[in-house]
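A.B. asks: sharing a model that was predicted from the sequence below.
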Amino acid sequence: MNRRIFLPAIALATVALLAACGGGGAAAPTVAPTAAGSLGGNVENGKAKFGTTCTSCHGADAKGMAGLGKDLHNNQFIADLTDQQAVDFLKKGRPATDPLNTTKVDMPPKGGNPALSDQDLADIVAFVRTLK
């Protein structure tokens, strides 16, 4: 076997084996990548970040606020996006002038919190996907 192929194959097998074994510690729950496009964000971190950024428009219960943010429970728009598309949407936001913006209120990029990293946004997406 070619050495260029053999070493990466061994490294990949080792990573897969270690991941399957688990860490033994009490890790924060994450969303299992069950669907194509899942980023496997951390639900607990996403809930915390949602609580400090998104609640001002979407409410503490994520059921939306009249004239501001939409109800995020069983939200079809979100359901139709892959995790990466949802992160990209959060990074960009949606201006009030966008024809698809039915509230006609700006959704600022990153919910107005520029400190949110891509991982934070993936975690928020993971949390929102748990809402029923």
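C.D. replies: Received the coordinates, thanks.

A.B. asks: what about this protein, any weak spots by pLDDT?
C.D. replies: Applying pLDDT under 70 to the chain picks out residues 1-37.

A.B. asks: quick one, helices of it?
C.D. replies: Per DSSP state H, the chain carries helices over the ranges 3-21, 43-53, 55-58, 76-79, 83-92, 118-128.

A.B. asks: which residues touch the fourth one?
C.D. replies: To tie it back to what came earlier, the one meant is helix 76-79. For helix 76-79, the external contacting residues (C-beta atoms under 8 Å, 6 or more residues apart in numbering) are 70, 72, 86, 125, 128, 129. To be clear about C-beta, it is placed using only N, CA and C from the backbone, and glycine gets the same treatment.

A.B. asks: run the last query once more with 10 Å
C.D. replies: Around helix 76-79, the neighbours that count as contacts under C-beta atoms under 10 Å, 6 or more residues apart in numbering are 70, 72, 85, 86, 89, 100, 102, 125, 128, 129, 131.

A.B. asks: got it, and the fifth one?
C.D. replies: For helix 83-92, the external contacting residues (C-beta under 10 Å, 6+ apart) are 31, 33, 35-41, 53-54, 77-82, 107-111, 116, 118-126, 128-129.
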